[in-house]
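**Q** Generate a structure from the sequence data that follows.
(chains A and B)
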Amino acid sequence: MDQISQLLLAFVVFLSLYLLGSSSLTGCVRILALQGACVGLLPLTIHEGGFQPRALLISVGVIVLKALVIPRILLHAIREVKIRHEVEPLVSFVSSLLLGALLIGVAFVLAERLPVPGGLVSNLLVPVSLATVMMGMLMMVSRVKAVTQVIGYLVFENGIYLFGLAISYELPWLIEMGVLLDVFVAVFVMGIVIHHISREFDSISTERLTSLSDKP
Amino acid sequence: MNLLAVRELALPWALPGASFHVGLDPLSACFLALVLLVCGCAGLYGEGYIAASHGHVPARPARFFFLVLSVALCFVVTARNALLFLAAWETMALAAFGLVSSEHGKPEVRRAGLLYLLCTHTGTLFLLVLFALLGRHAGSLEFSDFAAAAYSPAQRTGLVLLGLAGFGMKAGVLPLHIWLQEAHPAAPSHASAAMSGVVIEMGIYGLLRLLGFVGPLPVPLSLSLVALGLATALFGILFALAQRDFKRLLAYSSVENIGIVVAALGLGCYGASTARAPLAVLGFTAAVFHALNHGLFKPLLFLAAGAVYQATGSRDLDAAGGLQARMPWTGAFMAVGAAAICGLPPLNGFVGEWLIYSWLLRPGWGQDLRLTAPTASLLALVGALTVVALTKFYGLVCLGQPRSAGARDAKDPAGVMLVPMGVLAACCAAVGLFPAPVLAAAVAAGADIARVPLAAVAPQAEEWARLLGVVGLLGAGLWALGGALWAVRAALLRGRAVLPGPTWGCGFGAPSARMQYSGSSYSQPTERVFAGLLATETDFHPATGYWPLKASYSSRTADPALDRWLPALADRFSDWLSVPRRIQHGRLQSYMFYVSACLVALLLWKL
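**A** A predicted model of the protein is given here:
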């Protein structure tokens, strides 16, 4: 079990990095789906007590949402709004990757100092979750298109979910569902926003929003 | 003097640090009497004014705000708790804003209202800091604790400078007067009367109250107060002189009077700084007395100006003229107010200035000649310029021939508007003739501010009262002399026909109203002397050639603080702020970057 957890966590970080270096939008969504699947499998393996039926329930729910439903919605949005299929980075892919690596380092430093509850199989869980959160942020900050913002947000959320796993037996699963619902709503809202941006500005580039600045 | 004994009422209030604590000491009593008199008169006049404005002044909001203003003013002068005071102060400021913006259909009124709101809130900001500091130092927000606390000289300086910024904004001390000349013309006349008569006096009240808390100031600060007062007075009267809008002229004249009051207050502070009780008490007494006087004659003039405005439909001096014959009552009251503000003997203005001059000129109290000589001469200059400005006002409005159709058909307003003017004019005359009761109240207030027991200055107070009694008698003699001369004239003219001729006729066969002095030509010689200070912009196209078709002359004297200094300062600020403004550019990604960088930095720092 221990090895599987470590492997899945490493895979999550690797996928985040891959996402930062990827230049194709549909590719990004597929990677996101894969990351969602990895994250979804983790509850089954992560706790010392071993396999529990409740974990299976959470796991199935997460995989369905994160690996199937949300990527479908995103792919549909990309098709419908006729977004061109490449990522427009503000920070080059190489620099993004380097920054991502740096953030992983920062995440490990932070995790060292962060007080976390015991009872986890893998000591990688907290640093990986922090790294995922930060790389999601980096994704949101460094990409132009609105749909990449959504992807960044979802990566960010995966990180939060991983962090939540560290205390999942203390959390009633209603809250877990609440988090998922949150994400679901967020994706919908973002989808609508993207749709509106593309309708009003003939583009889904958030850079066009600078025309809303009060600068003369 | 039973009325002036301290009376208090304290009730608990749910706010922390606050209590509903009101009290009446001599200083409060002086100003409360003024508030009640002026608000009563102005309110009564306002009813007539609203009715006669034919819907230009909306009746309900004007009444509502005026009543709120009156109540708030009563609480400002009686509050004994900082929070209650600030609450009353803000209510007063907001009600006055509502009054100023009564005719908000006009863009210049909206501009004046917003300017006033900005200024008053800036002032309140300083007051908040002032009272917070006082409260921290004294350990409570009660005025009695403020007065009981001991302050170091540095603290006194700091607190008084803060108070000068906060209260000076309301009173209209030199660079902070910018809202006065805009808001007073914009407001309906009864509101201008209440504002110039009592609202700006609240700034003086606040300063006096503050000086009563902190005790004697360092000598340089007292002298700076005198200098600031004189500068304000000179500035105010010079710009009053250059105005064509008569309500603006009166507003600038308020600035001048506030300057005189601040100068008197500075003289009192100087007396306190050098530990000479009679000088301190006399200075503060003169400040209170002149403030009360200004609260009588300025509302009177504003009420009369409002009546003229409604009768002629214009605030332009060059559109009025000849109104003494057409509006005899208004003209007479206006003459009384103008004479009082000039400090002419039988009226109250003279008494107030006499107190200041006796501070400066009476030998034997060890005044420093280096202070008194320039102060007295500058005050005299201000007095002379006041005469020029107010004769310009009264002469152009009331004498000569009407310069417009509106002035030709003008009539006295209804009795409800005349009676308040009459009451105020009677007060001006009464205080001039019998100054003793008001003087006694002002001396009690002055002694309180200077923290000198009344008994310690009793001999001096008696002497002032005696001299002022003589002054009153002389004034009465002057009235009697005038009456006697009138009787002689009537006796000599009995049985003869008196032919009225056109004013400014001078034997010329066909004089026209346009040949009279205009506002600009009357004050032109004086303006020329002070051209460097006034910086009047003129636009002059002289008549040329043998058959000139066109010639024109126009002049405009902009307020330097509002139109030159403030924009320059604002530009400088805007330049400084352009650096931090760069981070506000509308790029979503960067905003998210700020947030996340901030979060990560906080995590790294705190963990």
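**Q** In stretch B:436-452, which of the residues would be classed as buried?
**A** If you call a residue buried by 16 or more other C-beta atoms under 10 Å in any protein chain shown, then stretch B:436-452 has these buried ones: B:438-452. C-beta: built from backbone N, CA, C; applies to glycine.
**Q** Mind telling me what element residue B:351 is part of?
**A** In this structure, residue B:351 sits in helix B:348-361 according to DSSP states H and E.
**Q** Show the average pLDDT along that helix.
**A** Here the mean pLDDT over helix B:348-361 is 88, rounded to a whole number.
**Q** any low-confidence regions in chain B?
**A** Scanning chain B with the threshold set as pLDDT under 70 gives B:1-6, B:501-510.
**Q** Next to chain A in this structure, residues from it, please.
**A** Neighbours of chain A within chain B, by C-beta under 8 Å from any C-beta of the partner chain: B:581, B:584-590, B:592-593, B:596, B:600, B:603-604, B:607.
**Q** which residues touch residue B:296?
**A** Listed by C-beta atoms under 8 Å, 6 or more residues apart in numbering or on different chains, the contact partners of residue B:296 are B:34, B:37-38, B:197, B:340, B:348, B:424, B:427-428, B:431.
**Q** Starting from residue B:30, give me the distance back to the residue nearest to the spatial centre of chain B.
**A** Compute the mean C-alpha point of chain B, and by C-alpha atoms, centre = their mean the closest residue is residue B:254, 3.3 Å away. Taking C-beta to C-beta, to the nearest Å as the measure, residue B:254 falls 19 Å from residue B:30.
**Q** picking that back up, turn the contacts of residue B:296 into TSV, columns for neighbour count and secondary structure.
**A** As requested, the contacts of residue B:296 are arranged in TSV below (neighbours: other C-beta atoms under 10 Å in any protein chain shown; DSSP: H, G, I helix; E, B strand; the rest coil):
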residue	neighbour count	secondary structure
B:34	24	helix
B:37	20	helix
B:38	29	helix
B:197	28	helix
B:340	31	helix
B:348	27	helix
B:424	31	helix
B:427	24	helix
B:428	24	helix
B:431	26	helix
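**Q** For chain A, what is the nearest residue in the stretch 501-607 of chain B?
**A** The nearest approach of the stretch 501-607 of chain B to chain A comes at residue B:586, 2.7 Å away (C-beta to the nearest C-beta).
**Q** Secondary structure class of that residue, three-state.
**A** Here residue B:586 is coil, with the state taken from DSSP: H, G, I helix; E, B strand; the rest coil.
**Q** could you pull out the helices for the stretch 501-607 of chain B?
**A** Along the stretch 501-607 of chain B, counting by DSSP state H, counting those that start in this stretch, helices occupy B:519-529, B:531-534, B:560, B:566-581, B:588-606.
**Q** Which one, of the ones you listed, ends up nearest to residue A:136?
**A** The stretch from the helices of the stretch 501-607 of chain B with the least distance to residue A:136 (C-beta to C-beta) is helix B:588-606; that distance is 9.3 Å.
**Q** Contacts for the closest one, please.
**A** Contact partners of helix B:588-606, identified using C-beta under 8 Å, 6+ apart, comprise A:90, A:106, A:109-110, A:134, A:137-138, A:140-144, A:149, A:206-207, A:209, B:583.
**Q** Ok, stretch B:71-88 next?
**A** Taking C-beta under 8 Å, 6+ apart as the criterion, the residues outside stretch B:71-88 that touch it are B:8, B:10, B:13, B:15, B:17-24, B:28, B:31-32, B:35-36, B:39, B:89, B:91-92, B:95, B:124, B:127-128, B:131, B:134-135, B:141-144, B:146, B:198-199, B:202, B:205.
**Q** Low-confidence ranges, chain A, go.
**A** Per-residue confidence for chain A (pLDDT under 70) gives these ranges: A:1, A:47-51, A:83, A:116-122, A:167-186, A:188-216.
**Q** Residue B:518 contacts residue B:318, doesn't it?
**A** Yes: counting by C-beta atoms under 8 Å, residue B:318 is a contact partner of residue B:518 at 5.1 Å.
**Q** Overlap in contacts, these two.
**A** Between them, residue B:518 and residue B:318 share these contacting residues under C-beta under 8 Å, 6+ apart: residue B:396.
**Q** and the buried residues of stretch B:436-452, which two are the farthest apart?
**A** Spanning the widest gap among those are B:438 and B:451, at 21.9 Å by C-beta to C-beta.
**Q** Make JSON lines out of the helices of the stretch 501-607 of chain B and add mean neighbour count.
**A** Formatted as JSON lines, the helices of the stretch 501-607 of chain B follow (neighbours: other C-beta atoms under 10 Å in any protein chain shown):
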{"stretch": "helix B:519-529", "mean neighbour count": "17"}
{"stretch": "helix B:531-534", "mean neighbour count": "13"}
{"stretch": "helix B:560", "mean neighbour count": "16"}
{"stretch": "helix B:566-581", "mean neighbour count": "10"}
{"stretch": "helix B:588-606", "mean neighbour count": "14"}
